[in-house]
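Undergrad: got a predicted structure plus its sequence, pasted below:
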Amino acid sequence: MVGPNVGRATGVDRDTIMLRQIAFGSTVSLANIAVHAMAMIVVIRAARSTAAKWLSFPTLRLGTVMIATVAVLMAAHLCEIAIWSLAYVFVEATPEGAEGLYFAFVNFTTLGYGDIVPVPRWRLLGPMTAMNGVLLFGWSTAVIFEVLSRTLLSAPK
């Protein structure tokens, strides 16, 4: 007869598994924060450069600065999602036959369809991806607002 605890992880095993997931997820999150920081440098330089070139056309300047800012941030978010997707592939976190990029998109954007769930040994990566996405989207929103504010304030009256 097989007992009820056969095949279950002990408390120590569960702690080790969770710490491994948190360590790996934190590493991927930090990589994405680095990508986002580099994108912020590009955004700030692009905004300053564009604003300087279009000083006599405020509407054109505002439009150009905002398009450039959002385009760079969109590219950064796509890179960050791709990084999560590669991380899922590296640790085999997605179930067999599931698409890692789709899974990363759903988690990063906190859409959470629930049609794909990570394999049990990596179940914390989904929430960590979502947490990373929320933080980076918030950072992007703050930057967009700041760039818009500064562009409007620098417009000739």
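TA: Thanks, I have the structure now. Numbering: from 1, shown residues only.

Undergrad: only C-alpha atoms for contact and neighbour calcs from this point on.
TA: Will do.

Undergrad: ok, then the element right after the longest helix along the chain?
TA: The single longest helix within the chain, with elements called by DSSP state H, is helix 11-53. Later in the chain than helix 11-53, the nearest helix or strand by DSSP states H and E is helix 58-91.

Undergrad: for the helix or strand following that following helix, packing partners?
TA: Next helix or strand after helix 58-91 toward the C-terminus (DSSP H and E): helix 100-108. For helix 100-108, the packing partners by 3 or more Cα pairs under 8 Å, 6 or more residues apart in numbering; DSSP states H and E come out as helix 58-91, helix 125-153.

Undergrad: any chance of the ones you listed in JSON lines, plus mean neighbour count and mean pLDDT?
TA: Below are those laid out as JSON lines (neighbours: other Cα atoms under 10 Å; pLDDT from 0 to 100):
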{"stretch": "helix 58-91", "mean neighbour count": "18", "mean pLDDT": "91"}
{"stretch": "helix 125-153", "mean neighbour count": "18", "mean pLDDT": "92"}
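
Undergrad: make TSV out of those and add distance to residue 100.
TA: Below are the helices and strands packed on helix 100-108 laid out as TSV (distance: least, Cα to Cα, whole Å):
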stretch	distance to residue 100
helix 58-91	5
helix 125-153	11
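
Undergrad: between these, which one is nearest to residue 17?
TA: Closest to residue 17 of the helices and strands packed on helix 100-108 is helix 125-153 (Cα to Cα; 11.7 Å).

Undergrad: that closest one packs against which elements?
TA: Looks like helix 125-153 contacts helix 11-53, helix 58-91, helix 100-108 (3+ Cα pairs under 8 Å, 6+ apart).

Undergrad: and those as a markdown table, adding distance to residue 134?
TA: Shown next, in a markdown table, are the helices and strands packed on helix 125-153 (distance: least, Cα to Cα, whole Å):
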| stretch | distance to residue 134 |
| --- | --- |
| helix 11-53 | 11 |
| helix 58-91 | 11 |
| helix 100-108 | 7 |
